[in-house]
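> requesting a structural model of the entry that follows:
(3 chains)
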Amino acid sequence: MKPPRFEYSAPTSVDEALEILGREEDATPIAGGQSLVPLLNMRMAKPSVIVDLNGVEGLDAVEADDGRVRIGAMVRQRRLETDAELRARVPLLFDAARHIAHVAIRTRGTVGGSLAHADPAAELPAAVAALDGRLVVRGPDGERAVAATDFFLGPLMSALDHGELLVAVEVDPSPPGTGSAFLEVARTHGAFALTAAGATVRLGADGAIAAAGLGLTGVGSIPYVPEWLDEVVVGEAPDASLFERVGARVGTEIKPYDDIHGSADYRRRAASVLTARALAAAAERSRNEVA
Amino acid sequence: MNRRVKMIVNGRPFELEAEPRRLLADFLREDASLYGTHLGCEHGVCGACTVLVDGEPVRSCLMLAVQADGAEVETVEGLADDGNLHPLQQAFSDHHALQCGFCTPGFLLTALYLLRERPDLDDEAEIREALSGNLCRCTGYKNIVDAVRDAAGRMREIRATEEG
Amino acid sequence: MSWVGRRMRRREDGELLTGQGRFVGDLSRPGMAHAAFLRSPFPNARIDSIDVSAATAMPGVHAVLTGDDLPADLAPQPNTHLFGERETPYYALARGRVRYTGEPVAVVVADSPYIAEDARDEIVVDWEPLPSVGDVDRALDDGAPVVYDDLDWPDNVCATFEKEIGDVDRAFEEADLVVTERYRIQRQFACSLETRGVLAEWDANVNELTLWTSSQILHIARDLLAQVLGLPEHRIRVLVPRIGGGFGAKFHFYPEETAIALAARASGRPVRWVEDRMESFLATVHAREQRAEISMAALADGTITGVKGEIVGDMGAAMHTVGYGPLWLTSVMLTNVYEIPSARVRARAVVTNKTPLGSYRGWGQPQANFIVERTVDRLARELGIEREDLRRRNFIPPERLPRKSLHHTLDSGDYRACLDRALELLAERGWRQRQAELRASGRYVGIGISFYTENSALGPSRMLNEGGVQQGGYDIARVRVEPGGEVTVYTGICEMGQGITNALAQICADTLGIDPDQITVVTGDTSQVPYTGYGTGASRGAAVGGAAVARAATAVRAKVLRIAAHMLEANEHDLVIESGRIHVKGAPEPAVTMADVGRAAYIRAIELPEGEDPGIEEIRAFDPPQFAWPYGANIVVAEVDVETGEVSLLDYIYVHDCGTIINPTIVEGQIQGGVAQGIGAALFESLPYDEAGQPLFATFMQYVLPTAAELPSVVIEHQHTPSPNIPGGMKGVGEAGAIGSPAAVVAAIEDALSPFAVRINATPVTPATILELIADAAAQRREKVVAGA
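Numbers count the residues shown, from 1 in each chain, chains lettered A, B, ... in the order given. You can find the predicted model right below:
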C-alpha cells in the first residue's frame, strides 16, 4: 500500500495552483490528504501531479463579520473544535466536527477538503447544508458562490469543474439564542456515519420556534436538507411530537443506500430518530441559551 | 523528481532526498531509521503510525514526507529523557498497558498530545473517546485507559513540584 | 517466598515503550530487496498466461516469479492436521488455477516496496473466470460450482466427522422438552495490529536458508519449509523477532513464507515482504464461519439429557495448516461443562471460493460455546427455570471430575462455585435492582450469562497423533547456568506479546531459588532453542512450556547443589538456594553463590566434585498426560437503544479458574484482550462475501474493530484449582477470554430486548440487525394475533 509515482507541486498562491490544475489533465489538489492519501496508498487514485495547497497563502483564514462567517478551505477541521469564537458564531460546525474521525485526522483534515470530497457519509457537507452555506469556488474566470444544496451532486461528485478550486465556505452566523446538535450513529466511535443529523433551532421570546435548520448525511448520495422545514416548524411549540413528525417525514423523503453496515431501511429509520432527537436537543439548548 | 526534505526529528535535524510519493512514515522508518513508528494499516484507521508534527498528532501514513519539510516531528524514540522513561511510558509499564507493543508508540504520542492539551484530564469516558482513534488488538484498552489517567496525575504532580 | 503468583512488570516493556522493539518489518540485511505479491482478483479462475516482461524490465526490479517459475518438485503447502479429509493442494504461487480472491499469483522483487508495487501493477494476466461459490449453503446445493472440479470431487464436502455417546434417540424420545435452534456465526479473523512479514536470505555457497518470520510455530515453520523445498531441516534457520500479536493466525505456515524464500534464491538477495493491511484481509487465514443446528432434550426439572448437533463449516478454498481442526473442536465441545449423558454430532467441512479458514483464539470453541450456551438459555426460558439455575443443575459436580465428556476428559474444578461467585459480584454491583429501575424508566437493560471451559495445555502427543495431528504436543526446554552465575532459559515457545518470557522466568526462578532478573529467556531461533512439539498456541505456553522449564531447571538445580555441596563440604540434601546463595538450611553461613558454582563449572574444574562433568546445562521435555480444562463465567450487562439499535456494555464480570496463576497481571491482560475480541465477534467484526465469493470488504472501513470507546472494563476474579496433570498446576489462559464472551454479550442484548421477545442466533449483532429483529418479532406477533383471531 504505497502511492504510485506522481509529480508534486507546491504553489504559494491560488492563481499558481489554478494555473497548474488547469494545465494538467490528471492534476489533483491535496488539502489535508486524509481522504486522498488512503486512495493513493490503495492505488485507487493515480494522479499525474499532486498540487499541494498547504503552502498556498490566504486559504486558512477565518473571517467573520455580522453578516457572514467565511472559513478558508484550508482551515483544519480541528480548529472548528478549538476556536471558541468560531464555535460561538456557528455552534453546529463545532458539534459536527467532533464526529469527524479522530483528532489525528482532524489536525490535518481541512474544511474545504471534506466539502470538495463530497463523501455521502461525511459530516461537514450535511452541517454546511443545514446552515444554508455557500461554497466559494475560484476558477480561471474568477470566483463564484454555489449554494451548498447545489454543490453536492452525487457520491464524491460536486459542482467543482476541472481547473476549479474550492477556496472557502461562507455561512451566516447563528443568531444568539440558537441551539444546535449533531447526532450520529456509527459502528464505532469516529467511524464513518451510518447516518447523522445536524440541527439548529432558535426559540422566540414566546417559546415557539423562530428559526430552524436541518441537514442529514448517510441518507443518500448527497446531504439531505428538507426545504419544507420552516413551513412545518416555525411558529410551532418545540415539543417532541412535532419533531417526531419531522423525523417521520424525513424518513419518507430520503433515499438511503444499503451497505454491509446497514440496510437502506435501517438508515431511514435511524435518520428519522436522529432527526427528531437532534431537533429536540437543539431546541433544548436554545431554551437554555435564552434562559 | 526527488525533493530535498529537511525536518527536525526529536530535536535532531534530518535532511534527505525523498520522492514526492514517499510517506512520512517510511521517511521516518527507513530513512531516519526510527523504526518505532509502526505501520498497521496505511489508510489512517489504526493509529499505530501516529507522530506529532509541529506539536499536533498526525497519521504519518497519510502525510507525504515532502509535506513535513521544515516541520518539527516527535516520535516515540524522543519520549524518554536520557534513558529515563517519560511518565506516560512508566505508567504504561506499571499498568501493563501493552502486550505485543505494536500499537504502543501510536498510543503514547496520542496520549502525549492529549495530556499537553488537557493536563486536567481525569474522566474515563473522555479518555476512552480521546484514544478511540488508536486500535489495540491485545489489551482490550482498559489498562491503556488506566495508564493514561495515572500518567495525567503523575504529570500534574511533576508540574506542581517544579512550579512549587 | 515464591515468584510464581506475583505481579511483576514485564521485562520487554522498556524496549517496546521506547520504540526499540524490532518486528520483521524493522529488520534489514545488506543488499536487501522488497517484495510485493500479485493476487487473484477472481474467486475462481484459470490462468491462461502471465506476461511479466514489462514488470521485469522496470528499473529497480530484480526478479518476478510466477507459478511457472516454481521448482518442479516443490511440494504443496502442507496441512498438519489430518482428520480424514480430501486433499486440497495449493502452492506458494498459483499454478494455472486460483480458487479464491487474494490467492498469490506472482511475486515481484525490487529495490523498494514502492517499485515492487509499480512492477506488480504492470503484470498482465490472461484470466479465464470460472463459476464460483461464496456461500456454504449454496456450496451444498446440487449443481453448485464444484471448487475442486479439476480433481474430480463429486461435491464440495471436504470431510464429514461424526461422534456419538450414549443413547441419543432414547433421550429425545423420553424428553419432556426438546428445543431446536439454528445458528450462524460469521467469518472473522485474528487481525493482529502487526500484519505478517517474512525476510529470507539464501546463502547459495552453502545452500542454507535463513528466514525471519512473524510466526507462532518456529520449528514447525522450519520443518514444513524443509518439506516443501526438499531441504534438510538443518539447512534452514528460522528466526522469530518481536511479533505484533498472533492470536492463532500466525500459527499457520503460509504460501508467502515459501514464495519469499524462493524469491530470495531467485534474486540472489535478501528479500523482505511485509503484508499490507488490504492483502491481510484476504491472505491471512480467516476463522470461525459456521452454521449449526442444535437440539437439546431435557426433563421438566431441567436435567439436560441429550444434545444433537449438525454443523457446517465454511472452510474456504483449501485446508490450511490446521485443516478443519477448529470445526472438529467445535463439534466435540457440544456438551461444554454439563453432565449430558447422550450426544450426537455431525460436522461437515465444506469448501467454497473464499480465503482458507484457520486458527483464531479459541479455535472452534467460541462457536461451540455460543451454540450451546444460547440453547441452554432457550431451554431455561421454555422450562421457566432461571438461566443460572439450569446451569447449576447440569454442571458436572466437582466430585465427579475427572469425567469423560463427548470426547475429552474434563479434569478438575468447581463450576458452580465459579458461577455463584460471578452472580455474587453481579448482586454486589446492584445490577438486578438497577436493571429493574432502568427498565421501569423506559430503558432496555439486559443481563447475559455464559459459562465456558477451554481445551488447553495442548497436549498429549499420543492423543494428538492418534487423532491425525502430524505434530507432537510436548515442549522441550534447556536451562543453563552461565559462568557468572546468571541463568539462561531456551524455549521453543514464541513471544508474541503474551509475555511468556516473564512467566517462564518466574517458574525458573522459583525452581532455582534465584531472582527472575538473573534469568534471560531466549526464544525465536531454531539454531538456539530446543524443539517444540506444537508451537505457541492452544493456551499451552505457560502450562506445557512452563512445565518443561521447571523440569530442566530442576535438573540444573540438582547439579548446582552437587557442586555447591562439594564446595561447602556439606550434604547436598541439606542445602537450599535462597536469592542465589546456597547454604545449609537454617544456617546462612557459610554459603556459596551461583557465581561461585558457575565459576567452578566452567573455569575452575579443580573445584568440581570428582567425576562431575563441567558445565551446567540441562534439557528436558514435558509431554502432558492429559489436557487441562480452565473454565469460567462471563456476565454482561448491556443496554440497547431500541430506536437506533445501538448497544452499550454497562458492565462485564468475569470469574474464572485457570489453575495456578504465574503472574496475575498478565493473566488479567489476557482476559481483557480475549474478551475484547469476543465482543468484537458479537457486535462488530465480519468478513462478508457475495454469493460468488467476491469479498465485500477491503479495509478497516468494512472490518470494524472495537475501540476504547466501545469496550468495557472487565471486572476479573480468579479461583484456583491446580491442574492435576501439569507440574505446577497451570491450566493456561490465553484463549479463555474469547470463548464465553460472544454468548454472554448476545444473551445480554436478548435479555434487554425481552419486551420484544426477540431471539438472537447470529452474529455480529449490529444496530441494523437489532432494529430488524425487533421489527420481525413484532411482525410475528401480529401474525399470531391474526392467526389466533
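
> count of neighbours near whichever residue of the stretch 551-700 of chain C sits closest to chain A?
Here the stretch 551-700 of chain C gets closest to chain A at one residue, C:Glu643, 4.3 Å apart by C-beta to the nearest C-beta. Glycine gets a C-beta too; all of them are placed from N, C-alpha and C. Number of residues near C:Glu643 (other C-beta atoms under 10 Å in any protein chain shown) recorded here: 17.

> I figured it hits A:Val273, correct?
Yes. Counting by C-beta atoms under 8 Å, A:Val273 is a contact partner of C:Glu643 at 4.3 Å.

> could you check how many residues crowd around C:Gly442?
7.

> for the longest strand belonging to chain A, list the C-alpha coordinates in CSV.
Longest strand of chain A, by residue count under DSSP state E: strand A:193-203. Extracted C-alpha coordinates of strand A:193-203, given in CSV (Å, rounded to 0.1, in the frame of the first residue of the first chain):
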residue,chain,number,x,y,z
ALA,A,193,-21.6,7.8,9.9
LEU,A,194,-24.2,5.2,9.2
THR,A,195,-26.4,8.2,9.4
ALA,A,196,-26.3,11.5,11.2
ALA,A,197,-28.5,14.6,11.6
GLY,A,198,-27.4,18.1,12.4
ALA,A,199,-30.0,20.7,13.5
THR,A,200,-30.3,24.2,14.7
VAL,A,201,-33.2,25.7,16.5
ARG,A,202,-33.9,29.2,17.8
LEU,A,203,-36.8,29.8,20.0
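
> now do the helix or strand just after that strand and strand A:193-203, the angle between them.
Later in the chain than strand A:193-203, the nearest helix or strand by DSSP states H and E is strand A:209-217. Angle of strand A:209-217 versus strand A:193-203, following axes from the mean of the first three to the mean of the last three C-alpha atoms, to 10 degrees, is 170 degrees.

> show the average pLDDT along whichever helix or strand comes after strand A:209-217.
Using DSSP H and E, the helix or strand that follows strand A:209-217 in sequence is helix A:229-233. For helix A:229-233, mean pLDDT is 98.

> would you list every one of the helices in chain B?
Taking DSSP state H, the helices of chain B run over residues B:24-26, B:87-94, B:104-117, B:124-130, B:142-163.

> any chance of the ones you listed in JSON lines, with mean neighbour count, distance to chain C and mean pLDDT too?
Converted to JSON lines, the helices of chain B look like this (neighbours: other C-beta atoms under 10 Å in any protein chain shown; distance: least, C-beta to the nearest C-beta, whole Å; pLDDT from 0 to 100):
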{"stretch": "helix B:24-26", "mean neighbour count": "26", "distance to chain C": "8", "mean pLDDT": "98"}
{"stretch": "helix B:87-94", "mean neighbour count": "22", "distance to chain C": "4", "mean pLDDT": "98"}
{"stretch": "helix B:104-117", "mean neighbour count": "24", "distance to chain C": "5", "mean pLDDT": "98"}
{"stretch": "helix B:124-130", "mean neighbour count": "18", "distance to chain C": "4", "mean pLDDT": "97"}
{"stretch": "helix B:142-163", "mean neighbour count": "18", "distance to chain C": "4", "mean pLDDT": "96"}
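
> got the ones you listed as TSV, with distance to chain A columns?
Listed next are these as TSV, based on distance: least, C-beta to the nearest C-beta, whole Å:
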stretch	distance to chain A
helix B:24-26	8
helix B:87-94	16
helix B:104-117	7
helix B:124-130	6
helix B:142-163	13
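
> you'd agree A:Phe94 is in a helix?
Yes. Counting by DSSP: H, G, I helix; E, B strand; the rest coil, one finds A:Phe94 located in a helix.

> and the most centrally placed residue in chain B, what does it touch?
In chain B, the centroid-proximal residue (C-alpha atoms, centre = their mean) is B:Leu109; its distance is 2.1 Å. Applying C-beta atoms under 8 Å, 6 or more residues apart in numbering or on different chains to B:Leu109 gives the contacts B:50-52, B:57, B:74-76.
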